[in-house]
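Chemist: Provided below for reference: sequence and predicted model.
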Amino acid sequence: MTARTTRVPPAMTARSRRLAVLGALAAAVTAAAVLSVTVGAKFVPPLDVWHALWSPSGTEHDVIVRGLRVPRTALGLLAGLALGVAGALMQGHTRNPLADPGLLGVTQGAAFAMVLSIVVFRLGSLYGYIWFGLAGALVASAAVFALGLAGGGRGGPTPVTLALAGTAVSAFLYALTSTIVLLDRQAMDMFRFWQLGSIAGRDAAVAGQALPFVAAGVLLALANGPGLNALALGEDVARALGRNVTLTRLAGIAAITLLTGAAVAACGSLAFIGLIVPHPARALAGPDHRWLLPYSGLIGAALLPAADVVGRVVAHPGELEAGVILALLGAPFFIILIRRTRSARL
């Protein structure tokens with residue numbers, strides 16, 4: 001008798017591999033979260049973390065874990081996820097491997113609105129001006145899309161017109177913000193701290209405020225994945241496949257705005273996450289955005305808390321802001337990326 005060999009369909013093998021990678025990335029996120037709640041100026045043993053989470057008794061470790069590190073970790077996971085997905089969307093829609101979510105004016109729109117709320121309404125609490133930050137991000141993105149739509153003609157906004165419009169709007173808003181902070185000391189102090197980018201000093205209420213916007217942005221991004229795959233083949237091909245190019249771009253910009261606006265309003269300008277994360281995600285997932293987007297989200301969710309932990313360790317007993325660590329890691333990566341992508345395409 002001849003033994004029969006069962007052949008596994010290639011598509012099933014690829015799907016199994018991608019699910020395995022997804023599981024590995026989820027494990028990395030879990031590891032980063034565990035490190036974030038245990039490592040710091042004062043080390044908290046894992047067993048004490050467990051007791052603090054499930055049976056607190058008011059000890060010093062309970063206060064540290066529940067009052068400081070859990071909210072900080074939750075916000076780091078949320079912001080990292082949001083910026084990772086936003087970066088993959090941004091690079092996909094602009095077809096530019098050097099694109100960053102802030103390219104649409106989202107970051108500067110949030111900064112300008114938050115500074116304006118402090119100067120005009122004298123808001124001194126993050127819970128107040130986070131809503132202004134989100135509103136500023138939305139308005140800035142709407143302005144960029146409108147300018148891109150006008151510059152794109154009947155065919156709708158193109159990657160080039162969106163990038164140019166985003167650069168112009170960002171420069172204009174940055175000039176206005178700089179003028180305001182030079183005239184108001186309170187605004188200057190807030191803007192200086194916000195510009196560094198940090199997840200420290202936040203409690204669970206901040207993550208709760210940002211969560212609905214991040215959830216809506218992630219759902220919109222995942223729905224945008226198939227359309228983005230079609231756009232990668234060229235706008236003419238996408239139209240031939242029945243895709244509404246303008247609507248697909250509008251959905252992508254809305255998702256980028258919600259994700260980036262929520263993250264930067266809560267944590268400040270966390271540079272390089274949206275730039276760095278999509279590249280290892282693309283190496284793992286390939287060009288299929290249905291997998292690239294969740295991979296990017298998980299890598300971002302692991303990277304930001306990990307960078308925050310590094311900042312606590314290297315400057316012990318003090319700490320460096322997560323934004324500073326990300327800049328130290330991201331700047332060399334950016335230089336290498338420029339050298340390697342002179343002739344590369346997405």
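Modeler: All right, it came through fine.

Chemist: any idea how far stretch 214-228 is from the middle of the chain?
Modeler: Mean C-alpha position of stretch 214-228 versus that of the full chain (CA atoms, centre = their mean, to the nearest Å) differs by 13 Å.

Chemist: check stretch 91-106 too.
Modeler: Relative to its parent chain, stretch 91-106 has a centroid offset of 12 Å by CA atoms, centre = their mean.

Chemist: tell me the buried residues in it?
Modeler: By neighbour count on 16 or more other CB atoms under 10 Å, the buried set for stretch 91-106 is 91-97, 99-106. The C-beta positions use only the backbone N, C-alpha and C, and glycine is treated the same way.

Chemist: which among these gets closest to S16?
Modeler: In terms of CB to CB, no member of the buried residues of stretch 91-106 lies closer to S16 than G92, at 24.8 Å.

Chemist: just checking, Y295 touches L25?
Modeler: Yes: with contacts counted by CB atoms under 8 Å, Y295 reaches L25, the gap being 6.4 Å.

Chemist: picking up where we left off before, so which of the buried residues of stretch 91-106 belong to helices?
Modeler: Of these, the ones assigned to helices by DSSP state H are 91-94, 106.

Chemist: can you tell me which two in these are farthest apart?
Modeler: Top of the distance list for these (CB to CB): G92 and V106, 16.0 Å.

Chemist: what sits against Q195?
Modeler: Taking CB atoms under 8 Å, 6 or more residues apart in numbering, we find Q195 in contact with 111, 268-269.

Chemist: and the two most separated of the buried residues of stretch 91-106?
Modeler: Largest separation among the buried residues of stretch 91-106 by CB to CB: P97 and G105, giving 20.0 Å.

Chemist: returning to that earlier point: compare Y295 and L25 (neighbour count), which wins?
Modeler: Neighbours around Y295 and L25, counted as other CB atoms under 10 Å, are more numerous at Y295. The numbers are 27 against 21.

Chemist: identify the residues contacting the residue most central in space within the chain.
Modeler: In the chain, the residue lying closest to the centroid (CA atoms, centre = their mean) is L83, at 0.5 Å. By CB under 8 Å, 6+ apart, L83 lies in contact with 101, 259-260, 263, 270, 273-274, 277, 300, 304.

Chemist: again, only this time at 6 Å
Modeler: Counting by CB atoms under 6 Å, 6 or more residues apart in numbering, L83 touches 263, 273-274, 300.

Chemist: closest to Q186 out of the residues you listed?
Modeler: Q186 has its nearest neighbour among the contacts of L83 in A263, at 23.6 Å by CB to CB.

Chemist: now for the closest one, how many residues are close by?
Modeler: Counted by other CB under 10 Å, the residues lying close to A263 total 37.

Chemist: show me which positions of whichever strand or helix holds it end up buried.
Modeler: Using DSSP states H and E, A263 sits within helix 245-267. Neighbour-count burial for helix 245-267, counted by 16+ other CB under 10 Å, picks out 245-246, 248-267.
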